[in-house]
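[1] attaching a predicted model along with its sequence, questions to come.
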Amino acid sequence: MVRHELSMREKSIVFVGFMGVGKTTIGKKVAKKLYRDFLDIDEEIEKEFGMSTTKIFEQFGEKAFRERERTMITTLSEQPLHVISVGGGAFMQEEIRAACLANCIVFYLDISWENWKERIDLIIESRPVLQNKSMDEMKELFYKRQSAYAHHHSKVKTDNLNEEEVAEYIVESLKVTWGLDEPR
């Protein structure tokens, strides 16, 4: 079967970045503005398992979660017109990174360590990877993942911007890109 190459306008949009940066919130806003379906991979996996990510990690282990994450993201990356938020650790997997970069438009939502630290209390309970970690261990994980996030099509610094400003910037930049991509 011959696979149809998607145009820039058809490609799904993927948001990557450290946990708690706002991938889901911003992704939902971008999807609404572009009239696209929004998918949060962690939420989709939770629906399949019928339990929270934390419970999946406890009951089945991180490996089972990561395998399902890989299958789901690589399949969705080939589908058009989605806005997809991937978990903070997903881009650590080479296969996921390669599929998203080849098939989608990947936006890296970048936040500084200083700004991220202010969000810890809001997210720690729902992030199994942060459980029982010291501040130094969290900082180490934060910087370790930066190398995976460095593989993207566009980076947006989220420091000093609210979710609406980030979403609007992304939508406007896509419209400019799509305008330049149009055949004459």
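    Here it is on my side, so go on. Numbering: from 1, shown residues only.
[2] list the contacts of stretch 107-123.
    With CB atoms under 8 Å, 6 or more residues apart in numbering as the contact definition, stretch 107-123 has outside contacts at 13-23, 26, 130, 135, 138-139, 142-143, 149-150, 152-159, 166, 170. Placement of C-beta: from N, CA and C, glycine included.
[3] mind listing the helices for the chain?
    All helices of the chain, identified by DSSP state H, fall at 23-34, 41-49, 53-60, 62-77, 94-103, 113-117, 120-123, 135-149, 163-181.
[4] pLDDT of the second one, averaged?
    Spelled out, that is helix 41-49. Model confidence over helix 41-49 averages 96 on the pLDDT scale.
[5] buried set for that helix?
    By neighbour count with 16 or more other CB atoms under 10 Å, helix 41-49 contains the buried residues Ile41, Asp42, Glu44, Ile45, Glu46, Phe49.
[6] what's it in contact with?
    With contacts defined as CB under 8 Å, 6+ apart, helix 41-49 is touched by 24, 52-53, 55-56, 60, 65, 68-69, 72-73, 76, 84-87, 90.
[7] now with 10 Å?
    With CB atoms under 10 Å, 6 or more residues apart in numbering as the contact definition, helix 41-49 has outside contacts at 14, 19, 23-24, 40, 51-56, 59-60, 64-66, 68-69, 71-73, 76, 84-90, 96, 126-127.
[8] and that helix with helix 62-77, angle?
    Here the directions of helix 41-49 and helix 62-77 differ by 110 degrees (axes from the mean of the first three to the mean of the last three CA atoms, to 10 degrees).
[9] centre of the chain versus helix 41-49, how much separation?
    Taking the mean C-alpha point of helix 41-49 and that of its whole chain, the gap between them comes to 14 Å (CA atoms, centre = their mean, to the nearest Å).
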